[in-house]
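# missing the sequence, but the structure's below:
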């Protein structure tokens, strides 16, 4: 039998987690990278690396791919994948079994702590959300593209989590009463993507988040207790020292529902809340 071929645009943290679910299923995996040293690292995981600068080779792989995952963030200049490879992808669209686009829940904008789901009108309140929504719409405009959009909440997992931030000495408990963030363990993102690949539903949009939206200071406080770290300093939001980008995250306040991924994929999250996810990362039972 022919091996299924997956092309990943932007083989970073999240996409690598998906690859771990495909290794034992004899997939042919290609992934783009901008860094030449990464090529050898990807080869150790049986991933065929494509340098972003090698457009001809990327186009050749598009022409033989059955599945494509797009995980590169757009910029003010546009969606780099769309700008460079839309024509090639359009010509291949009828042969593709699945096209996944990793977006973000920031497309919903601010809802003052209320719940949102996939039917909630999108209304981004910052440039990140606006650019993601523009990219979603451009891909959705392509006829015959088997598009699946995944709106991801804040991502954490091994080597990228509040425990590491606390250990680095850079964490601060920023207090903003009534502020909610949704988040998702990278392992559960990978499981959702694999479930969608196995059960495609063209044109679908999915929120990918856990069951427990929570304030950032609540999460950090729990993480600190897990590793017996002395009490972190609590800072009022208005007085906190943050970069403009970090502060902009607080402009959106909403709780994101994940009912659709659980219902459609019959999926039980491995880490349904930050407490179970952080406890596992700390090597402790929850």
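That came through, no problem. Computed from a predicted model, the values in this text were never measured in an experiment.
# quick one: secondary structure of residue 270?
Assigned state for residue 270: coil (three-state reduction, DSSP: H, G, I helix; E, B strand; the rest coil).
# what about residue 149, how many neighbours?
Residues lying near residue 149 (other Cβ atoms under 10 Å) number 22. Yep, even glycine has a C-beta here, placed from its N, CA and C like the rest.
# ok, residue 234 - contacts?
Going by Cβ atoms under 8 Å, 6 or more residues apart in numbering, residue 234 touches 172, 173, 175, 217.
# which one of these sits closest to residue 27?
residue 217 (41.1 Å; Cβ to Cβ).
# I'd guess the closest one is in a strand, am I close?
No. Counting by three-state DSSP, residue 217 falls outside a strand, being helix.
# Now it: closest residue in space, sequence neighbours ignored.
Nearest residue to residue 217 in three dimensions, chain neighbours excluded: residue 173, at 4.2 Å (Cβ to Cβ, 6 or more residues apart in numbering).
# do residue 251 as well
Here the residue nearest residue 251, using Cβ to Cβ, 6+ apart, is residue 125, at 5.5 Å.
# how about low-confidence regions in the stretch 101-250 of the chain?
The stretch 101-250 of the chain contains no residues with pLDDT under 70.
# Run through the helices of it in chain order.
127-140, 162-167, 186-198, 216-226, 244-248 (DSSP state H, counting those that start in this stretch).
# Out of the ones you listed, which is closest to residue 23?
For residue 23, the closest of those is helix 186-198, at 11.6 Å, according to Cβ to Cβ.
# Just confirm residue 80 contacts residue 71, I think it does.
No. Here residue 80 does not reach residue 71: they are 11.5 Å apart, not a contact under Cβ atoms under 8 Å.
# Mind checking which of those two has more residues around it?
residue 71 (24 against 18).
# Now do the more buried one against residue 270, distance only.
Look at residue 71 and residue 270: by Cβ to Cβ, to the nearest Å, they are 20 Å apart.
# list the contacts for the closest residue to residue 21 other than its chain neighbours?
Once flanking residues are discounted, residue 21 sits nearest to residue 194: 4.7 Å by Cβ to Cβ, 6+ apart. Counting by Cβ under 8 Å, 6+ apart, residue 194 touches 18, 21, 22.
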